[in-house]
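Colleague: predicted model, plus sequence, below.
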Amino acid sequence: MPMRLHFTPDDLLASRFAISPLWETQEAVRTLRRPDRHGYHPRWLRRIEATGQPFDLAPIWLLMPHRGHSPDWLGPPPIGPAASFAEEIAAVRAADPDAARAEMVTALGHTPGAADTALGRALLADPARAVRDVADLLERAWQVLVEPDWPRLRALLEADVAHHSRRLADIGLGALLGELDRRMVWADTTLTVAFHGEHERQLDGRGLVLMPSVFSWPDVIGGHDPPWQPTLVYPVRGIGGLWSGDPAAPEQGRAALARLLGANRAAVLAALDESASTTALAQRLGLAPSSVSAHLIALRDAGLLTARRYGHRVLYERTPLGMALLSGGE
(Lines give C-alpha, C1' and ligand atoms only; values in the text may rest on other atoms or scores of the structure.)
Protein backbone atom coordinates (compact mmCIF):
# COMPACT_ATOMS: atom_id res chain seq x y z
CA MET A 1 0.00 0.00 0.00
CA PRO A 2 1.32 3.48 -0.75
CA MET A 3 2.38 6.53 1.20
CA ARG A 4 1.25 9.78 -0.41
CA LEU A 5 2.93 13.09 0.34
CA HIS A 6 1.04 16.15 -0.91
CA PHE A 7 3.14 19.21 -1.78
CA THR A 8 2.32 22.89 -2.03
CA PRO A 9 4.58 25.40 -3.81
CA ASP A 10 6.03 26.29 -0.39
CA ASP A 11 6.96 22.64 0.19
CA LEU A 12 8.97 22.56 -3.02
CA LEU A 13 10.97 25.53 -1.74
CA ALA A 14 11.37 24.19 1.81
CA SER A 15 12.60 20.71 0.87
CA ARG A 16 16.28 19.91 1.39
CA PHE A 17 18.92 17.19 1.28
CA ALA A 18 20.66 16.07 4.44
CA ILE A 19 23.17 13.52 5.71
CA SER A 20 22.84 12.02 9.17
CA PRO A 21 25.52 10.07 11.06
CA LEU A 22 22.89 9.37 13.75
CA TRP A 23 20.53 7.82 11.19
CA GLU A 24 23.33 5.64 9.80
CA THR A 25 24.13 4.53 13.35
CA GLN A 26 20.51 3.64 14.06
CA GLU A 27 20.22 1.73 10.80
CA ALA A 28 23.56 0.00 11.34
CA VAL A 29 22.14 -1.31 14.60
CA ARG A 30 19.02 -2.46 12.76
CA THR A 31 21.09 -4.06 9.98
CA LEU A 32 22.78 -6.37 12.48
CA ARG A 33 19.34 -7.95 13.00
CA ARG A 34 18.31 -7.87 9.32
CA PRO A 35 19.86 -10.80 7.38
CA ASP A 36 18.27 -9.49 4.18
CA ARG A 37 20.64 -6.52 4.36
CA HIS A 38 23.80 -8.46 5.16
CA GLY A 39 24.70 -9.15 1.54
CA TYR A 40 25.42 -5.46 0.96
CA HIS A 41 27.95 -5.16 3.81
CA PRO A 42 29.99 -8.38 4.15
CA ARG A 43 33.32 -6.73 5.02
CA TRP A 44 31.67 -4.36 7.46
CA LEU A 45 29.99 -7.30 9.20
CA ARG A 46 33.31 -9.13 9.47
CA ARG A 47 34.87 -6.04 11.05
CA ILE A 48 32.02 -5.81 13.55
CA GLU A 49 32.29 -9.50 14.36
CA ALA A 50 35.98 -9.04 15.10
CA THR A 51 35.15 -6.40 17.74
CA GLY A 52 33.13 -8.96 19.69
CA GLN A 53 30.24 -6.44 19.95
CA PRO A 54 30.99 -5.72 23.64
CA PHE A 55 27.65 -4.05 24.47
CA ASP A 56 24.01 -5.04 24.66
CA LEU A 57 21.83 -3.52 21.93
CA ALA A 58 18.63 -5.18 23.14
CA PRO A 59 16.95 -1.95 24.35
CA ILE A 60 17.35 -0.36 20.91
CA TRP A 61 16.34 -3.51 19.05
CA LEU A 62 13.19 -3.78 21.14
CA LEU A 63 12.17 -0.31 19.91
CA MET A 64 12.78 -1.28 16.27
CA PRO A 65 9.87 -3.41 15.05
CA HIS A 66 10.53 -5.10 11.72
CA ARG A 67 7.31 -3.56 10.44
CA GLY A 68 5.87 -0.53 12.14
CA HIS A 69 6.80 2.68 13.91
CA SER A 70 10.15 3.31 15.57
CA PRO A 71 10.31 6.31 17.93
CA ASP A 72 11.08 9.54 16.11
CA TRP A 73 13.21 10.77 19.03
CA LEU A 74 15.50 7.79 18.44
CA GLY A 75 16.52 9.22 15.05
CA PRO A 76 15.11 12.72 14.50
CA PRO A 77 15.69 14.53 11.18
CA PRO A 78 19.19 16.04 11.05
CA ILE A 79 19.49 19.55 12.42
CA GLY A 80 21.24 20.79 9.28
CA PRO A 81 22.63 19.50 5.99
CA ALA A 82 25.84 18.26 7.62
CA ALA A 83 25.14 17.91 11.34
CA SER A 84 27.74 16.08 13.43
CA PHE A 85 26.95 13.01 15.48
CA ALA A 86 27.58 15.02 18.66
CA GLU A 87 24.93 17.55 17.64
CA GLU A 88 22.44 14.85 16.74
CA ILE A 89 22.90 12.72 19.86
CA ALA A 90 22.41 15.86 21.96
CA ALA A 91 18.93 16.15 20.40
CA VAL A 92 18.21 12.53 21.38
CA ARG A 93 19.27 13.20 24.96
CA ALA A 94 16.98 16.25 25.04
CA ALA A 95 13.87 14.21 24.17
CA ASP A 96 10.88 14.92 26.41
CA PRO A 97 10.36 11.80 28.58
CA ASP A 98 6.56 11.90 28.37
CA ALA A 99 6.59 12.18 24.57
CA ALA A 100 9.31 9.52 24.41
CA ARG A 101 7.19 7.15 26.51
CA ALA A 102 4.17 7.61 24.23
CA GLU A 103 6.31 6.73 21.19
CA MET A 104 7.81 3.74 22.97
CA VAL A 105 4.31 2.44 23.70
CA THR A 106 3.52 2.65 19.98
CA ALA A 107 6.81 1.02 18.93
CA LEU A 108 6.49 -1.82 21.45
CA GLY A 109 2.92 -2.38 20.33
CA HIS A 110 4.12 -3.36 16.86
CA THR A 111 6.01 -6.37 18.28
CA PRO A 112 3.59 -8.76 20.00
CA GLY A 113 4.47 -9.21 23.65
CA ALA A 114 7.32 -6.67 23.67
CA ALA A 115 5.67 -4.33 26.18
CA ASP A 116 5.19 -7.22 28.61
CA THR A 117 8.84 -8.28 28.67
CA ALA A 118 11.00 -7.25 31.60
CA LEU A 119 12.93 -4.88 29.35
CA GLY A 120 9.79 -3.39 27.84
CA ARG A 121 8.31 -2.76 31.28
CA ALA A 122 11.55 -1.15 32.46
CA LEU A 123 11.66 1.22 29.48
CA LEU A 124 8.10 2.36 30.09
CA ALA A 125 8.42 2.58 33.87
CA ASP A 126 11.20 5.19 33.75
CA PRO A 127 11.18 6.96 30.35
CA ALA A 128 13.72 9.58 31.43
CA ARG A 129 16.21 6.84 32.25
CA ALA A 130 15.26 5.01 29.06
CA VAL A 131 16.13 8.07 27.00
CA ARG A 132 19.51 8.37 28.75
CA ASP A 133 20.32 4.68 28.43
CA VAL A 134 19.29 4.44 24.78
CA ALA A 135 21.28 7.59 23.95
CA ASP A 136 24.34 6.06 25.66
CA LEU A 137 23.89 2.87 23.63
CA LEU A 138 23.54 4.84 20.39
CA GLU A 139 26.74 6.72 21.17
CA ARG A 140 28.55 3.46 21.82
CA ALA A 141 27.10 2.01 18.61
CA TRP A 142 28.38 5.04 16.71
CA GLN A 143 31.87 4.55 18.10
CA VAL A 144 32.02 0.83 17.29
CA LEU A 145 29.79 0.31 14.26
CA VAL A 146 30.00 3.50 12.22
CA GLU A 147 32.68 6.01 13.24
CA PRO A 148 35.67 3.91 12.01
CA ASP A 149 34.08 3.82 8.54
CA TRP A 150 32.46 7.26 8.59
CA PRO A 151 34.90 8.97 6.17
CA ARG A 152 34.12 6.29 3.56
CA LEU A 153 30.36 6.40 4.27
CA ARG A 154 30.22 10.20 4.30
CA ALA A 155 32.05 10.44 0.97
CA LEU A 156 29.49 8.15 -0.66
CA LEU A 157 26.55 10.04 0.86
CA GLU A 158 27.99 13.43 -0.14
CA ALA A 159 28.56 12.19 -3.70
CA ASP A 160 24.91 11.13 -3.85
CA VAL A 161 23.71 14.55 -2.69
CA ALA A 162 26.00 16.31 -5.16
CA HIS A 163 24.74 14.13 -8.01
CA HIS A 164 21.08 14.68 -7.23
CA SER A 165 21.63 18.40 -6.62
CA ARG A 166 22.95 18.73 -10.16
CA ARG A 167 19.95 16.79 -11.42
CA LEU A 168 17.67 19.05 -9.37
CA ALA A 169 19.06 22.07 -11.19
CA ASP A 170 18.27 20.40 -14.52
CA ILE A 171 14.73 19.12 -13.96
CA GLY A 172 13.34 20.55 -10.72
CA LEU A 173 12.38 18.87 -7.45
CA GLY A 174 9.11 17.29 -8.59
CA ALA A 175 10.72 15.39 -11.45
CA LEU A 176 13.75 14.50 -9.31
CA LEU A 177 11.57 12.91 -6.63
CA GLY A 178 10.25 10.49 -9.21
CA GLU A 179 13.80 9.49 -10.13
CA LEU A 180 15.29 8.83 -6.68
CA ASP A 181 13.94 5.29 -6.58
CA ARG A 182 11.70 3.14 -8.75
CA ARG A 183 9.19 2.95 -5.88
CA MET A 184 8.57 6.71 -6.02
CA VAL A 185 6.11 8.25 -8.47
CA TRP A 186 5.55 12.00 -8.82
CA ALA A 187 2.31 13.27 -10.34
CA ASP A 188 0.12 16.34 -9.81
CA THR A 189 2.07 17.72 -6.81
CA THR A 190 1.85 14.36 -5.00
CA LEU A 191 4.67 11.92 -4.32
CA THR A 192 3.47 8.32 -4.04
CA VAL A 193 5.84 5.82 -2.46
CA ALA A 194 5.32 2.06 -2.46
CA PHE A 195 5.38 1.42 1.24
CA HIS A 196 4.33 -0.93 4.01
CA GLY A 197 1.08 0.62 5.25
CA GLU A 198 -1.04 3.39 3.83
CA HIS A 199 -0.31 6.99 4.78
CA GLU A 200 -1.68 10.32 3.57
CA ARG A 201 0.27 13.37 4.61
CA GLN A 202 -0.10 17.05 3.78
CA LEU A 203 3.30 18.67 4.07
CA ASP A 204 1.68 22.06 4.78
CA GLY A 205 4.69 24.15 3.82
CA ARG A 206 7.20 22.24 6.00
CA GLY A 207 8.89 20.67 3.00
CA LEU A 208 10.57 17.28 2.90
CA VAL A 209 14.01 16.20 4.12
CA LEU A 210 15.59 13.90 1.51
CA MET A 211 18.24 11.70 3.02
CA PRO A 212 20.38 9.10 1.23
CA SER A 213 21.35 6.15 3.40
CA VAL A 214 23.88 3.34 3.27
CA PHE A 215 22.55 1.05 5.99
CA SER A 216 18.88 1.48 5.05
CA TRP A 217 19.73 0.04 1.61
CA PRO A 218 17.70 -1.07 -0.29
CA ASP A 219 14.66 0.20 1.66
CA VAL A 220 12.78 3.46 1.20
CA ILE A 221 11.70 4.77 4.60
CA GLY A 222 9.33 7.62 5.32
CA GLY A 223 8.41 9.10 8.62
CA HIS A 224 8.51 11.72 11.33
CA ASP A 225 5.32 13.22 12.64
CA PRO A 226 5.02 16.81 13.89
CA PRO A 227 6.90 18.61 15.29
CA TRP A 228 9.60 16.96 13.17
CA GLN A 229 10.02 17.84 9.52
CA PRO A 230 8.76 15.00 7.29
CA THR A 231 11.66 12.89 6.04
CA LEU A 232 12.14 10.42 3.22
CA VAL A 233 15.17 8.13 3.33
CA TYR A 234 16.22 6.51 0.05
CA PRO A 235 18.99 4.09 -1.00
CA VAL A 236 22.30 5.81 -1.71
CA ARG A 237 23.87 5.54 -5.16
CA GLY A 238 27.09 3.58 -5.60
CA ILE A 239 26.82 1.09 -2.77
CA GLY A 240 28.25 -1.59 -5.05
CA GLY A 241 31.72 -0.10 -4.68
CA LEU A 242 31.45 1.00 -1.04
CA TRP A 243 33.53 -1.75 0.52
CA SER A 244 35.49 -2.85 -2.55
CA GLY A 245 38.58 -0.88 -1.59
CA ASP A 246 38.86 -2.53 1.83
CA PRO A 247 40.94 -4.13 0.32
CA ALA A 248 40.37 -4.86 -3.34
CA ALA A 249 39.72 -8.44 -4.29
CA PRO A 250 42.99 -10.31 -4.85
CA GLU A 251 44.23 -10.69 -8.37
CA GLN A 252 43.70 -14.44 -8.38
CA GLY A 253 40.08 -13.83 -7.44
CA ARG A 254 39.61 -11.46 -10.37
CA ALA A 255 41.30 -13.93 -12.67
CA ALA A 256 38.97 -16.69 -11.48
CA LEU A 257 36.00 -14.41 -12.06
CA ALA A 258 37.16 -13.75 -15.62
CA ARG A 259 37.43 -17.50 -16.23
CA LEU A 260 33.92 -17.97 -14.87
CA LEU A 261 32.18 -15.12 -16.68
CA GLY A 262 34.55 -14.23 -19.50
CA ALA A 263 36.94 -11.28 -19.41
CA ASN A 264 34.55 -8.63 -20.78
CA ARG A 265 31.58 -9.73 -18.71
CA ALA A 266 33.74 -9.75 -15.58
CA ALA A 267 35.00 -6.26 -16.49
CA VAL A 268 31.42 -5.00 -16.80
CA LEU A 269 30.56 -6.37 -13.35
CA ALA A 270 33.72 -4.88 -11.84
CA ALA A 271 33.07 -1.46 -13.41
CA LEU A 272 29.75 -1.01 -11.60
CA ASP A 273 31.11 0.54 -8.41
CA GLU A 274 28.17 2.90 -8.85
CA SER A 275 25.08 2.57 -11.00
CA ALA A 276 25.72 3.30 -14.68
CA SER A 277 24.05 3.15 -18.07
CA THR A 278 25.02 1.00 -21.04
CA THR A 279 26.52 4.00 -22.84
CA ALA A 280 28.58 5.12 -19.85
CA LEU A 281 29.97 1.63 -19.33
CA ALA A 282 30.79 1.23 -23.01
CA GLN A 283 32.78 4.48 -22.93
CA ARG A 284 34.50 3.54 -19.69
CA LEU A 285 35.52 0.08 -20.89
CA GLY A 286 36.17 0.86 -24.55
CA LEU A 287 33.65 -1.73 -25.70
CA ALA A 288 30.84 -1.54 -28.23
CA PRO A 289 27.50 -0.52 -26.66
CA SER A 290 25.81 -3.56 -28.20
CA SER A 291 28.36 -5.85 -26.55
CA VAL A 292 28.00 -4.13 -23.17
CA SER A 293 24.21 -4.34 -23.47
CA ALA A 294 24.37 -8.09 -24.04
CA HIS A 295 26.69 -8.55 -21.05
CA LEU A 296 24.42 -6.44 -18.82
CA ILE A 297 21.36 -8.46 -19.77
CA ALA A 298 23.17 -11.73 -19.10
CA LEU A 299 24.41 -10.51 -15.71
CA ARG A 300 20.96 -9.23 -14.81
CA ASP A 301 19.32 -12.50 -15.81
CA ALA A 302 21.84 -14.35 -13.62
CA GLY A 303 20.82 -12.26 -10.62
CA LEU A 304 24.11 -10.33 -10.43
CA LEU A 305 22.65 -6.95 -11.45
CA THR A 306 19.43 -5.01 -11.17
CA ALA A 307 18.18 -2.36 -13.59
CA ARG A 308 16.12 0.74 -12.90
CA ARG A 309 15.00 3.70 -14.98
CA TYR A 310 16.46 7.12 -14.18
CA GLY A 311 14.97 9.76 -16.47
CA HIS A 312 15.54 8.52 -20.01
CA ARG A 313 18.31 6.14 -19.00
CA VAL A 314 18.35 2.63 -17.61
CA LEU A 315 20.93 2.27 -14.84
CA TYR A 316 22.47 -1.01 -13.71
CA GLU A 317 23.88 -1.83 -10.28
CA ARG A 318 25.15 -4.91 -8.50
CA THR A 319 22.95 -7.11 -6.35
CA PRO A 320 24.31 -8.63 -3.12
CA LEU A 321 25.13 -11.76 -5.11
CA GLY A 322 27.06 -9.68 -7.64
CA MET A 323 28.96 -7.92 -4.85
CA ALA A 324 29.83 -11.21 -3.17
CA LEU A 325 30.99 -12.78 -6.43
CA LEU A 326 33.18 -9.79 -7.23
CA SER A 327 34.74 -9.75 -3.78
CA GLY A 328 35.77 -13.38 -4.16
CA GLY A 329 34.38 -14.18 -0.73
CA GLU A 330 37.00 -12.04 0.98
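Modeller: Yep, it's here. As the structure is a prediction and not an experimental result, all values here were calculated from the model. Numbers count the residues shown, from 1 in each chain.
Colleague: so what touches stretch 153-168?
Modeller: 17, 19, 21, 24, 146, 176, 179-180, 210, 212-214, 236-239, 242, 311 (Cβ atoms under 8 Å, 6 or more residues apart in numbering). C-beta here means a position set from N, CA and C on the backbone, and glycine is covered the same way.
Colleague: what about it, distance to the chain center?
Modeller: Relative to the centre of its chain, stretch 153-168 is centred 13 Å away, using Cα atoms, centre = their mean, to the nearest Å.
Colleague: cool, and stretch 279-293?
Modeller: Mean C-alpha position of stretch 279-293 versus that of the full chain (Cα atoms, centre = their mean) differs by 29 Å.
Colleague: tell me where the stretch 201-330 of the chain is predicted with low confidence.
Modeller: 224, 244-254, 310-312, 324, 327-330 (pLDDT under 70).
Colleague: now do the strands in it.
Modeller: Ranges of strands in the stretch 201-330 of the chain, per DSSP state E, counting those that start in this stretch, are 209-213, 221-223, 231-235, 305-310, 313-318.
Colleague: please tabulate the ones you listed in TSV, including the columns distance to residue 275 and mean neighbour count.
Modeller: Converted to TSV, the strands of the stretch 201-330 of the chain look like this (distance: least, Cβ to Cβ, whole Å; neighbours: other Cβ atoms under 10 Å):
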stretch	distance to residue 275	mean neighbour count
strand 209-213	13	24
strand 221-223	20	19
strand 231-235	10	22
strand 305-310	8	16
strand 313-318	4	20
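Colleague: quick one: closest of these to residue 201.
Modeller: When the strands of the stretch 201-330 of the chain are compared by Cβ to Cβ, strand 221-223 sits nearest residue 201, at 8.3 Å.
Colleague: returning to what we had before: closest one to residue 108 among the strands of the stretch 201-330 of the chain?
Modeller: The closest of the strands of the stretch 201-330 of the chain to residue 108 is strand 221-223. By Cβ to Cβ, the value is 16.9 Å.
Colleague: so what sits opposite the nearest residue to residue 180 once chain neighbours are set aside in the bridge?
Modeller: Leaving aside its sequence neighbours, residue 180 sits nearest to residue 234 (Cβ to Cβ, 6 or more residues apart in numbering; 4.8 Å). Beta bridges link residue 234 to residue 212, judged by DSSP bridges.
Colleague: right, and residue 234 touches residue 208 too?
Modeller: No. When contacts are counted by Cβ atoms under 8 Å, residue 234 is not listed as touching residue 208 (11.1 Å).
Colleague: coming back round to it: could you dump the strands of the stretch 201-330 of the chain into JSON lines and include distance to residue 118?
Modeller: As requested, the strands of the stretch 201-330 of the chain are exported to JSON lines (distance: least, Cβ to Cβ, whole Å):
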{"stretch": "strand 209-213", "distance to residue 118": "32"}
{"stretch": "strand 221-223", "distance to residue 118": "28"}
{"stretch": "strand 231-235", "distance to residue 118": "32"}
{"stretch": "strand 305-310", "distance to residue 118": "43"}
{"stretch": "strand 313-318", "distance to residue 118": "43"}
